[in-house]
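**Student:** Fold the following.
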Amino acid sequence: MNVARLAAVDAAHAARMLSEAREATLAGQRARIAPRPVIEQSWGRMLRSGVDPDHDFRSGLLPSDEVRRRRDESPLRHVLPVLREGLLSVADVAQHIMVVADADGRVLWREGSSPVLRKADGLGFELGADWREDVVGTNGVGTPVVVRRPVQVFAAEHFARSHTSWTCAGAPIIDPRDGRLIGVVDVSGPLETMHPATLAWVGSVAKLAEARLREVHLDSLERLRSVAAPVLARLAGRALVVDRDGWSAAVSGMPYVRRVALPKSLSPGTRWLPALGSCAVEPLAGGWLLRAVAEEEPTGTATRLVLDLVRTGRSTLTVTGCARSWSRELSPRHAELIFLLAEHRSGRSAAALAGDLFGDPSRTVTVRAEMSRIRRYLGELLDHRPYRFCEDTEIEVLLPDNPRDLLPSSTAPAIARRRRMPGDAGPVGH
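**Tutor:** Numbers count the residues shown, from 1 in each chain. Predicted structure coming up:
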């Protein structure tokens, strides 16, 4: 069903057809007209996780001081002017509201039409509300968090019955420093305010917000560079200064390294870091000074990798070995590739991985670029020709309870086939 086109012609008729499809799905029957794939997959997740479509969601709000704390700590505060300029003037005229939520689906900002804000209050769409998909069902905040792309949810495409008089379009906002999802911007309003161009509009403004975050990051690196220059000038040997996320501001006595994979909790002292080896770590205003030291990483020690795919929309990799342990939140593409290599311990060529990801073995350039980025933080743990994990590396993959919830944002043919394999959910050791 082309919801946007149909709703633009006759919103009421589109809403009735969606309601019919929703009721059939909830009753376990085949709908006469199938919902869009992104909605059908979301409904499937809701049914498997036991979300109650008739639950009243007007509860569980964060206290106001916690909302303020999250606002102060969120990088989203840097892009509010961009979001307001791009969305609010049109949203107010069109009887919409703009909602900005963090990566946990918590509503941190709401602005726009006063009458619509009051209607949103009646749905529990308030400041501090938890709008995750597995809490309130398919919606324009929680579903983009899961699938990591813009999503429009119209009328009865919402899983919760109380939300079927509502329309919303949300787009994720990705931190350009590390590919981490930091929040969602959503434009919502009553059913009759639906417009087919809303999704493209919201998605474009989200991209402008990400561009602003890149500018903020480059400005912070430039400030750190001015601090680093006199420090490095006094040092002999290999050294570099990085920001808190590992991005290089200045390098001395060694080839330029664009980014260093840092442990989740880095502290001063001698630490082993991927691609650098043993380093003396010292705090510097806005970042870290890393100085290479003579001590080498112990050799011949087993290394263990744990790929955690249990949490919907958040994949992490934890590496543990003698004298080193670190974790990293993975982008969806890196989660796909590492999972595929864990499944194929004998290795995969670039062409085979291209076939796995895109169904097109000729797309090797994209695969090689992504694998080069992965090798920056996995280093010697990953061989190539073909790409594979080293033989003495122990790998454990933690899978969701239901195979169909594996990497839900992935459209890779190999992942889709893996979702259809029954009976092997949960931890898998290799």
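**Student:** if I read this right, Ser346 contacts Arg388, doesn't it?
**Tutor:** Yes. Counting by C-beta atoms under 8 Å, Ser346 touches Arg388, with 6.6 Å between them. C-beta coordinates here come from the backbone N, C-alpha and C atoms, glycine included.
**Student:** show me where this structure has helices.
**Tutor:** 3-9, 11-26, 37-49, 64-73, 80-83, 89-93, 114-123, 133-136, 142-147, 198-233, 332-343, 350-358, 364-378, 413-419 (DSSP state H).
**Student:** tell me the most buried of those?
**Tutor:** helix 142-147 (a mean of 28; mean count of other C-beta atoms under 10 Å).
**Student:** Can you name the residues in contact with it?
**Tutor:** 38, 41-42, 45, 103, 105, 131-136, 150-151, 153, 170-172, 181, 184, 186, 312-313, 408-409 (C-beta atoms under 8 Å, 6 or more residues apart in numbering).
**Student:** thinking again about what came up before, neighbour-wise, which of Ser346 and Arg388 wins?
**Tutor:** Taking neighbours as other C-beta atoms under 10 Å, Ser346 and Arg388 compare with Arg388 leading, 16 against 6.
**Student:** which strand residues sit across from the more buried one in the sheet?
**Tutor:** Asp383 (DSSP bridges).
**Student:** Let me see the contact set for it.
**Tutor:** Shown in contact with Arg388 (C-beta under 8 Å, 6+ apart): Leu341, His344, Arg345, Ser346, Gly347, Arg348, Leu382.
**Student:** Report the contact partners of the fifth one.
**Tutor:** Gly347 makes contacts with Leu341, Asp383, Pro386, Tyr387, Arg388, as judged by C-beta under 8 Å, 6+ apart.
**Student:** wait, doesn't the fourth one sit right on Ser346?
**Tutor:** No. The pair Tyr387 and Ser346 fails to qualify as a contact (C-beta under 8 Å) at a distance of 10.8 Å.
**Student:** Looking at the helices of the chain, spot the one closest to Leu191.
**Tutor:** Closest to Leu191 of those, according to C-beta to C-beta: helix 11-26, at 6.2 Å.
**Student:** Could you give the number of residues near the closest residue to Ala24 other than its chain neighbours?
**Tutor:** Leaving aside its chain neighbours, Ala24 sits nearest to Ala31 (4.1 Å; criterion: C-beta to C-beta, 6 or more residues apart in numbering). Neighbourhood size, Ala31 [other C-beta under 10 Å]: 17.
**Student:** any idea how far Ala31 lies from Glu23?
**Tutor:** Distance, Ala31 to Glu23, by C-beta to C-beta, to the nearest Å: 8 Å.
**Student:** same thing with Leu117?
**Tutor:** Distance from Leu117 to Glu23, counting by C-beta to C-beta: 30 Å.
**Student:** Now do the strands for the stretch 251-400 of the chain: every range, in order, please.
**Tutor:** Secondary structure of the stretch 251-400 of the chain (DSSP state E, counting those that start in this stretch): strands at 269-273, 277-284, 287-292, 303-308, 315-321, 324-330, 382-383, 388-389, 393-398.
**Student:** Show me what the spatially most central residue of the chain bridges to in the sheet.
**Tutor:** With distances taken as C-alpha atoms, centre = their mean, Leu181 lies nearest the centre of the chain, 3.7 Å away. Applying DSSP bridges to Leu181 gives these bridge partners: Ile174.
**Student:** State the pLDDT value of it.
**Tutor:** Leu181 is assigned a predicted lDDT (pLDDT) of 93.
**Student:** next one: Val9
**Tutor:** 61.
**Student:** pLDDT below threshold where in the chain?
**Tutor:** 1-11, 294-302, 321-325, 422-430 (pLDDT under 70).
**Student:** give me every residue that touches the residue nearest to the centre of the chain.
**Tutor:** So Leu181 contacts Ala103, Val145, Arg148, Pro172, Ile173, Ile174, Asp175, Gly313, Arg314 (C-beta under 8 Å, 6+ apart).
**Student:** Next, give phi and psi for the last one.
**Tutor:** Right, the one you point to is Arg314. The phi and psi values for Arg314, taken as degrees, to the nearest 10, are phi -140, psi 100.
**Student:** Quick one: neighbours of it, just the number.
**Tutor:** 16.
**Student:** what's the closest non-adjacent residue to it?
**Tutor:** Glu329 (6.5 Å).
**Student:** The one you found: neighbouring residues, count only.
**Tutor:** With other C-beta under 10 Å as criterion, Glu329 counts 16.
**Student:** Use 457 as the first number for this chain going forward.
**Tutor:** Fine by me, first position is 457 from now on; the one you just mentioned is Glu785.
**Student:** what bridges to it?
**Tutor:** Here Glu785, judged by DSSP bridges, has bridge partners Thr772.
**Student:** about what we covered before: closest one to Val698 among the helices of the chain?
**Tutor:** Comparing the helices of the chain by C-beta to C-beta, helix 654-689 comes nearest, at 8.3 Å.
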